[in-house]
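# this one's structure only:
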């Protein structure tokens, strides 16, 4: 029964893993930060460094959060009637969502710092 249920959702999981790079590569809260020219060379390098770090943290963090959410979904689908497994799966999903929110907050803070340095 569990195997049939897992096989039923397998195309959805494959689709999510296939779309994961698309979600990660499209993630940036400050896309126009590199287009400034009012700072000197060192100030612009600092802003570019902050933007690179924020983009890297965002891409890796969002990717990991999505993977944790997907693993939680798989655990939830295969849990059956076992309440311990259902609770563990729910904790995975909630942890992934909290991680996603934290990564977005970190990205927003780093972009805000870059914009403050710029002005």
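Arrived safely. On a predicted model such as this, the values are computed, not experimentally measured, just so you know.
# just for this protein, where's the confidence low?
Confidence mapping of the chain against pLDDT under 70 gives the ranges 1-10, 12-43, 118-119.
# So which residues of it form strands?
Counting by DSSP state E, the chain has no strands at all.
# Tell me which residues of the longest helix along it come out buried.
The longest helix of the chain (DSSP state H) is helix 41-78. Neighbour counts using 16 or more other CB atoms under 10 Å place 44, 46-47, 50-51, 54-55, 58-59, 61-63, 65-66, 68-70, 72-78 of helix 41-78 among the buried residues. Where you see a C-beta, it was placed from the backbone N, CA and C, and this is true even at glycine.
# again with stretch 100-111
Applying 16+ other CB under 10 Å to stretch 100-111 flags 100, 103-104, 106-107, 110-111 as buried.
# Among those residues, which one sits closest to residue 83?
residue 100 (25.9 Å; CB to CB).
# do you know how far that closest one is from residue 85?
23 Å (CB to CB, to the nearest Å).
# what's the answer for residue 51, then?
42 Å.
# Do I have it right that residue 58 meets residue 103?
Yes. With contact defined as CB atoms under 8 Å, residue 58 reaches residue 103; the gap is 6.0 Å.
# The closest residue to residue 69 other than its chain neighbours: neighbour count?
Once flanking residues are discounted, residue 69 sits nearest to residue 96: 3.6 Å by CB to CB, 6 or more residues apart in numbering. Residue 96 has 20 neighbouring residues, counting by other CB atoms under 10 Å.
# pretty sure residue 96 is in contact with residue 75, am I right?
No. Using CB under 8 Å, residue 96 is not in contact with residue 75, being 11.4 Å away.
# And residue 82, its phi and psi?
phi -80, psi 110 (degrees, to the nearest 10).
# tell me which residues in stretch 89-101 are buried?
89, 92-93, 96, 99-100.
# Not counting its own residues, what contacts it?
61-62, 64-69, 71-73, 75-76, 79 (CB atoms under 8 Å, 6 or more residues apart in numbering).
# could these be laid out in a markdown table, adding distance to residue 11?
Putting the contacts of stretch 89-101 into a markdown table (distance: CB to CB, whole Å) gives the following:
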| residue | distance to residue 11 |
| --- | --- |
| 61 | 27 |
| 62 | 23 |
| 64 | 23 |
| 65 | 22 |
| 66 | 17 |
| 67 | 18 |
| 68 | 21 |
| 69 | 18 |
| 71 | 17 |
| 72 | 19 |
| 73 | 14 |
| 75 | 18 |
| 76 | 17 |
| 79 | 20 |
